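Asks: when you get a sec, could you give me coordinates for this:
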Amino acid sequence: MSISAVILAAGKSTRMGQQKMLMPWRHTTVLGQVVETLQSAGVEEITLVTNSTTALQITDYKLPITLNDGGEMLESIQLGLQAQKPSAEAALICLGDQPQVEEGSVRSVCDAFHQKKSSIVVPSYQIRRGHPWLIARELWDEVLQMRAPESMRDFLNVHKADIFYVELDTPNILQDLDTPADYLKYKP
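Replies: Purely as a prediction, here's the structure:
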């Protein structure tokens, strides 16, 4: 079964004070680390949903880019799902500002989808939902029909009985980079 990924990177980075996706992380950038982790986990089809400012500065990744200058998460997810190839049976919903997510976490979510055939797979750490989570194609139309103020949290709550939780022993699935303090705290 083919699993693709949608990286959400269209936010304005207002709390960070600069474009966080392009900040240094290890030998690459915050966004570059997310891309490398997904690729290392065997995800071949990756769509990046970002804003025009970030898109102009991204030259290293040979990924399909979908623009969302509004920056709203629901719209970014919808645009990312619409951009998927017909062969994709499910999509990972990934945060572009979560470079500390590990390859093993991504593989665990993908493996659970293959083994359990659940329409939604969510990583969990100490009973808290994290990223990246997976949604099967059969539910994409429902997401595409959603309108603000609806959110993905609402969607997951409606489908709580359909969710297969993958219990992981790492808080990295919960941690993203919103502020300079977050960046300094998590940067390797």
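
Asks: what's the average pLDDT for stretch 89-97?
Replies: Over the span of stretch 89-97, the pLDDT mean works out to 98.

Asks: I should have written stretch 58-73 there, sorry.
Replies: On average, stretch 58-73 scores 88.

Asks: now do the contacts for residue 126.
Replies: residue 171 (C-beta atoms under 8 Å, 6 or more residues apart in numbering). The C-beta positions use only the backbone N, C-alpha and C, and glycine is treated the same way.

Asks: which residues touch the helix or strand of the chain with the lowest mean pLDDT?
Replies: The weakest-scoring helix or strand in the chain, judged by mean pLDDT, DSSP states H and E, is helix 52-57 (a mean of 87). Outside helix 52-57, the residues that touch it by C-beta under 8 Å, 6+ apart are 9-10, 19, 21-22, 31, 65, 67, 69.

Asks: quick check: buried residues in that helix?
Replies: 54-55 (16 or more other C-beta atoms under 10 Å).

Asks: could you do stretch 35-45 as well?
Replies: So for stretch 35-45, counting by 16+ other C-beta under 10 Å, buried means 35-39, 41, 43, 45.

Asks: for this structure, give the helix that spans the most residues.
Replies: helix 103-116 (DSSP state H).

Asks: same for that one, what does it pack against?
Replies: helix 30-40, strand 90-95, strand 120-125, strand 133-136, strand 163-167 (3 or more C-beta pairs under 8 Å, 6 or more residues apart in numbering; DSSP states H and E).

Asks: recalculate using a threshold of 6 Å.
Replies: Packing partners of helix 103-116 (3 or more C-beta pairs under 6 Å, 6 or more residues apart in numbering; DSSP states H and E): strand 120-125, strand 163-167.

Asks: mean neighbour count added to the ones you listed, as a markdown table?
Replies: A markdown table is the format used below for the helices and strands packed on helix 103-116 (neighbours: other C-beta atoms under 10 Å):
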| stretch | mean neighbour count |
| --- | --- |
| strand 120-125 | 22 |
| strand 163-167 | 16 |
